[in-house]
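J.: sequence and predicted structure below; questions after.
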Amino acid sequence: MTTSPILEVRQVTKSFGAVDVLKGIDFEVIPGTVTALVGDNGAGKSTLIKGLAGIQPFDSGEVTFEGVKVNLNEPRDAADLGIEVVYQDLALCDNLDIVQNMFLGREVKRGIPLDEADMESRAGETLKSLSVRTVKSLRQKVSSLSGGQRQTVAIARAVLWNNKVVILDEPTAALGVAQTEQVLNLVRRLGEQGLGVVIISHNLQDVFEVADYIYVLYLGTMVVRLKREDTNPSEVVEYITGGKTNNAGSNGDLV
Amino acid sequence: MSSQSDIPAYLQAQNSTLKDTWATYLGRVRGGDMGPLPAVIGLIVLVILFSVLRPVFFTPLNFANFFTQAAVVAVLAMGIVFVLLLGEIDLSAGVTSGVAGSLLAVTMARNGLSWYVALALALVVGLLIGLFIGVLVAKVGIPSFVVTLALFLAFQGLVLVIIGEGGNVRVTDPVILAIENSNMPIWLGWTLYAVMVLGYLLAALNGRRRRLVRGFSGTPLSVILIKVAVIAVVGFATVWVLSLERSTNPEVNPLSGVPIIIPIIAVIALVFGFVLERTKFGRHVYAVGGNVEAARRAGIRIQQVRIAVFAICSTTAAFAGVVAASRAASVDPNAGRFIVLSAIAAAVIGGTSLFGGRGRIYDALIGAAVVAVIDNGMGLLGYSAGVKLMITGGVLMLAAGADALSRKRSTSTGR
Ligand SMILES: Nc1ncnc2c1ncn2[C@@H]1O[C@H](COP(=O)(O)OP(=O)(O)OP(=O)(O)O)[C@@H](O)[C@H]1O
Ligand SMILES: [Mg+2]
C-alpha cells in the first residue's frame, strides 16, 4: 500500500483508576483497506474504539486525522471528522422505518416539513450502491428486519453521510452464516469505495475473509500488526493468547 | 415483473395498487400494529348498543352534546399523546387544566381581566408548569410518574388556594362561554366542510405528485379517492345532522349548527399531527420514545425533546381547562381532578402505546370519542358517576392490556 494513513493513533493510554487498559497503543487506518482489530476479551478493543468515537477520551497520546492532530473529546468531534462507529446493538429505532433511521438526526427538510421523497430516494441509492438486495421496502419498520438487515441499515447509514472512517464493533457476533456473509460483503465494499474500515471480531474466519491488515491487542498492548497474506489463523491465535510475542524473528511490522 | 428482477425490491413500485396497499395494511394489523382499529370497532358497537337501549342517544341534540362532552378529554388526550410517545406519563395534566381554568375564571371575575389576557395568562401558566415538569424529569432525573404524581396532589391544593373559600367561580364572559356553548351559522359549517374535504384531497394529490416526480410510486389514486370519499360522507352526515333544528323547544329557543368546539379541535389536531408526522422535532419525539440510546448517538438532544414534550402537554392541558370552564360556565374546587385518567384512557384506547414510540394524534380523538360515548350513553341509561368511573377505569385497563400484548406479539413476530 502506498497510500498514507487517514487515521493514526500514537502512544494512546487509558486507565480506569489503577487499571491501565490501554498502555501506549499505536494504530493506523489506511483508506481503501479493511483493518481488523482482534484480541481476547478485555484486551481493550472496545476501549480503543470508544476513544476514537469520542465517547471515552484517551488519557494521553496523539491522534492524527488526515495528517492533522485532532482532539476527540465528544462524539460530535468524531462525527465532524467523518468517523462513524457502527455498534452491534442500540443503534437503530425499532419503531421507525429504514429511511427514517438512516436520516435520524440529520433529516432533510423542505422549509419546515420533512422532505420524505428526497430522503427515500437517497436512502435507496445508497443501499443500491452497496448492492444490498434482501430488503423489501425502504418504508419497512426496522423492527421487522433480521439481524443482518439491521446491521446493513446501520452500515448504510454510515456510508450515507460520506464518512471517511467506519468502525464496526463485532458486526457479525449475533448473525447466522448467510447474514454474516452479507455483512462481510458489505464491509469489503466499503473498503472498495475508498473508506478506511476497522472491524472488531472474535471470529478469525471472518477476519481473514475481509481484512487487509490485522492488529492484535494483548492486555492493553498492541503486540503486532500483520498483513493478511503474510500470516495465518493459527499464528494470530498465538498472538491473541500471548503464546507468541513480537520479537525480532517475527514477520510483524509493528509501527 | 421479471424484466425488473435485477432492480432491488425496495426500488420497485410499492403499494402501487389498491390490492397491495390493502395487503400491507393487513400484514401490519396481523403483526400487532392495529392502530385505531379496535377503537373504531368499539365505537361503532357502543353507538349501536346505546342507540338500541336508549333511542334518545341517537338524536341530533345528543349528537351535538356528545361533541361538547368529549371536547375536554379530547384536547387533554392530544397533549398527553406527546408525553406517552416518549414513554413518559403526566398524571398532573388534569389538575394543570384545573389550575389554568380557575386562574382564568378568577382573574376575569375578581380582577376584571379581559378574556384574551386571562386566556393568555392561563396558557402561559400551563407552559411554565410544563417546563418545570420537563426540567425535573430531563435535567434532575426524577421519573415523570413521581414528579407528576406530586404535582397531582400539589395542584389540587393550588386550585383551592386560587378559588379561595368561596366554592364556585362563575364564568360570564361571552367569548369564553362561546367555546363550548355556541354553534356556527349553517353556511359556515358547510363552508368549512368543503374546505376540509378539498384540502385533504389536494394535500393527498400533491403528496402523490411529489413522489411520482421522484420516480416513486405514490399512493394509488383509488386509495386516495376511497379515503376522501369516507371523509366526505362521514363529514357530510355530521354537518347535516348538526345543521338540523335540535332544540326541544324550537319556537322559543332555536338551536342548530356545528358547535364551534369542533373546528377548534380540528385545528389543534391538524397542527399537532403536522408537528408529529411532518417535522424534524416530531421525528425526534418518535426516535427518543423508540430508543433513547440510538437517538442520543444520532445526535438528537434528548433533554430538549423531553422538556418540549412536557411543555406542549401542559400548555394543551391549560387550554383543556379553559374549555372545561366554558362548558360548566364555572370552575369549582374539584376542577380537573378526575379527568386525567379519562384522557390517558382516550390516548391508549386510540392506539397510543404506554411504552413509547407508537401513537398518533388522530387516534387520540377516536379514543376520546369512545370515552365520551361510554360516559354519555351510560348517563342516559341512568348509571351513576361512580359506575361510569369504574367502567372507564376498566376500559383503560383493557386498552393497556391490549397495548402490552400487542407489544409482546410484535417483539415475538419481529414486527
Ligand atoms: N468504564 C470502565 N471502568 C472500569 N474498567 C473498564 C471500563 N471499561 C472497560 N474496562 C476494563 O478495561 C478492559 C478492556 O475492556 P474492553 O471493553 O476494551 O475489552 P474488549 O477488548 O472490547 O473485550 P471484549 O472482546 O470482551 O469486548 C477490561 O478489563 C474492562 O474490565
Ligand atoms: Mg468489546
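T.: Thanks, I have it. Residues are numbered from 1 along each chain as shown, chains lettered A, B, ... in the order given. Ligands and ions are numbered 1, 2, ... in the order given.
J.: can you pull the pLDDT of the spatially most central residue of chain B?
T.: What sits nearest the mean C-alpha location of chain B, by CA atoms, centre = their mean, is B:Met78, with 3.3 Å. The predicted local distance difference test score for B:Met78 is 97.
J.: got it, and A:Met119?
T.: At A:Met119, the predicted lDDT confidence score is 93.
J.: give me the three-state assignment for it.
T.: helix (DSSP: H, G, I helix; E, B strand; the rest coil).
J.: do you know how far it is from B:Glu293?
T.: Distance of A:Met119 to B:Glu293, computed by CB to CB, to the nearest Å: 22 Å. For every residue, glycine as well, the C-beta is placed using N, CA and C.
J.: now swap in A:Lys164 and tell me
T.: According to CB to CB, A:Lys164 and B:Glu293 sit 24 Å apart.
J.: using PDB, list the CA coordinates for stretch B:207-223.
T.: Taking Å, rounded to 0.1, in the frame of the first residue of the first chain, the C-alpha atoms of stretch B:207-223 are listed here in PDB:
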ATOM      1  CA  GLY B 207     -48.000  14.400  -1.900                       C
ATOM      2  CA  ARG B 208     -48.600  11.800  -4.600                       C
ATOM      3  CA  ARG B 209     -47.300  14.100  -7.300                       C
ATOM      4  CA  ARG B 210     -44.100  14.800  -5.400                       C
ATOM      5  CA  ARG B 211     -43.400  11.100  -5.100                       C
ATOM      6  CA  LEU B 212     -44.200  10.400  -8.700                       C
ATOM      7  CA  VAL B 213     -41.800  13.200  -9.800                       C
ATOM      8  CA  ARG B 214     -39.000  11.400  -7.900                       C
ATOM      9  CA  GLY B 215     -39.900   8.200  -9.800                       C
ATOM     10  CA  PHE B 216     -41.500   6.600  -6.800                       C
ATOM     11  CA  SER B 217     -44.900   5.100  -6.900                       C
ATOM     12  CA  GLY B 218     -47.300   7.400  -5.000                       C
ATOM     13  CA  THR B 219     -50.400   6.400  -3.000                       C
ATOM     14  CA  PRO B 220     -52.700   4.800  -5.600                       C
ATOM     15  CA  LEU B 221     -55.400   7.200  -6.800                       C
ATOM     16  CA  SER B 222     -58.000   4.600  -5.800                       C
ATOM     17  CA  VAL B 223     -56.800   4.700  -2.200                       C
END
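J.: can you give me phi and psi for A:Leu7?
T.: When read as degrees, to the nearest 10, the backbone of A:Leu7 gives phi -130, psi 130.
J.: gap between it and B:Leu396?
T.: Taken as CB to CB, the spacing of A:Leu7 relative to B:Leu396 amounts to 54 Å.
J.: A:Val21 belongs to a strand, doesn't it?
T.: Yes: if the criterion is three-state DSSP, then A:Val21 is within a strand.
J.: show me the contacts for A:Gly220.
T.: Shown here is A:Gly220, whose contacts under the criterion CB atoms under 8 Å, 6 or more residues apart in numbering or on different chains are A:20-23, A:25, A:43-44.
J.: and of these, the nearest to A:Thr172?
T.: When these are compared for distance to A:Thr172, the smallest value, 18.3 Å, is given by A:Ala43; criterion: CB to CB.
J.: that closest one falls within a strand, correct?
T.: No: when the secondary structure is assigned by three-state DSSP, A:Ala43 falls in coil instead of a strand.
J.: what's the neighbour count on it?
T.: Residue crowding around A:Ala43 was assessed by other CB atoms under 10 Å in any protein chain shown; the count is 23.
J.: likewise B:Arg208?
T.: Residue neighbour count, defined by other CB under 10 Å, stands at 18 for B:Arg208.
J.: how about B:Pro254, what does it touch?
T.: Applying CB under 8 Å, 6+ apart, one finds that B:Pro254 lies in contact with B:245, B:247.
J.: next, it: phi, psi?
T.: Given degrees, to the nearest 10, the pair of backbone angles that B:Pro254 has is phi -60, psi 150.
J.: related to what we said a few turns ago, so A:Met119 and B:Glu293 - more neighbours on which side?
T.: For A:Met119 against B:Glu293, the residue with the higher neighbour count under other CB under 10 Å is A:Met119, and the figures read 20 against 13.
J.: tell me the helices and strands packed up against the helix or strand encompassing A:Ile49.
T.: A:Ile49 belongs to helix A:45-53 when assigned by DSSP states H and E. Contacting helix A:45-53 under the criterion 3 or more CB pairs under 8 Å, 6 or more residues apart in numbering or on different chains; DSSP states H and E are the following elements: strand A:7-16, strand A:19-29, strand A:34-39, helix A:75-81, strand A:83-86, strand A:165-169, strand A:196-200.
J.: out of the contacts of A:Gly220, who's nearest A:Arg76?
T.: Sorting the contacts of A:Gly220 by how near they are to A:Arg76, with CB to CB, puts A:Leu22 at the top with 22.3 Å.
J.: am I right that A:Val223 falls within a strand?
T.: Yes: assignment of A:Val223 by three-state DSSP places it within a strand.
J.: for the residue nearest to the spatial centre of chain A, list each beta-bridge partner.
T.: The C-alpha lying nearest the average C-alpha coordinate of chain A belongs to A:Ile167 (CA atoms, centre = their mean; 1.5 Å). A:Ile167 has the following beta-bridge partners by DSSP bridges: A:Val85, A:Val198.
J.: one step back: could you give the angle of the helix holding A:Ile49 to strand A:165-169?
T.: With axes from the mean of the first three to the mean of the last three CA atoms, to 10 degrees defining the directions, helix A:45-53 sits at 150 degrees from strand A:165-169.
J.: okay, the following helix or strand past helix A:45-53 in PDB with CA atoms only?
T.: Next in sequence after helix A:45-53, counting helices and strands by DSSP H and E, comes strand A:60-65. Coordinates of each C-alpha in strand A:60-65 appear next as PDB, following Å, rounded to 0.1, in the frame of the first residue of the first chain:
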ATOM      1  CA  SER A  60      -2.700  10.700  26.800                       C
ATOM      2  CA  GLY A  61      -1.200  10.100  23.300                       C
ATOM      3  CA  GLU A  62      -1.900  11.600  20.000                       C
ATOM      4  CA  VAL A  63      -4.400  11.100  17.200                       C
ATOM      5  CA  THR A  64      -3.900  12.500  13.700                       C
ATOM      6  CA  PHE A  65      -6.600  12.600  11.100                       C
END
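J.: quick one: list the elements packing against strand A:60-65.
T.: In this structure, strand A:60-65 makes packing contacts with strand A:7-16, strand A:68-70, judged by 3+ CB pairs under 8 Å, 6+ apart.
J.: so the residue nearest to the centre of chain B is in which element?
T.: According to DSSP H and E, B:Met78 maps onto helix B:60-85.
J.: what about that helix, distance to the chain center?
T.: For helix B:60-85, the gap between its own C-alpha mean and the chain's C-alpha mean amounts to 6 Å (CA atoms, centre = their mean, to the nearest Å).
J.: centre of the chain to the helix or strand that it is followed by, how far?
T.: Under the assignment DSSP H and E, the closest C-terminal helix or strand after helix B:60-85 is helix B:93-109. Helix B:93-109 has its C-alpha centroid displaced from the chain centroid by 20 Å (CA atoms, centre = their mean).
J.: what's around B:Gly42, how many residues?
T.: As a burial measure, B:Gly42 scores 21 neighbours (other CB under 10 Å).
J.: same question for B:Ile391.
T.: Using other CB under 10 Å as the criterion, B:Ile391 is surrounded by 15 other residues.
J.: quick one: which helix or strand includes it?
T.: Using DSSP H and E, B:Ile391 falls within helix B:385-413.
J.: buried residues of that helix, list them for me.
T.: Of the residues in helix B:385-413, B:388, B:392, B:395-396, B:399-400, B:402-403, B:406-407, B:410 count as buried by neighbour count, 16 or more other CB atoms under 10 Å in any protein chain shown.
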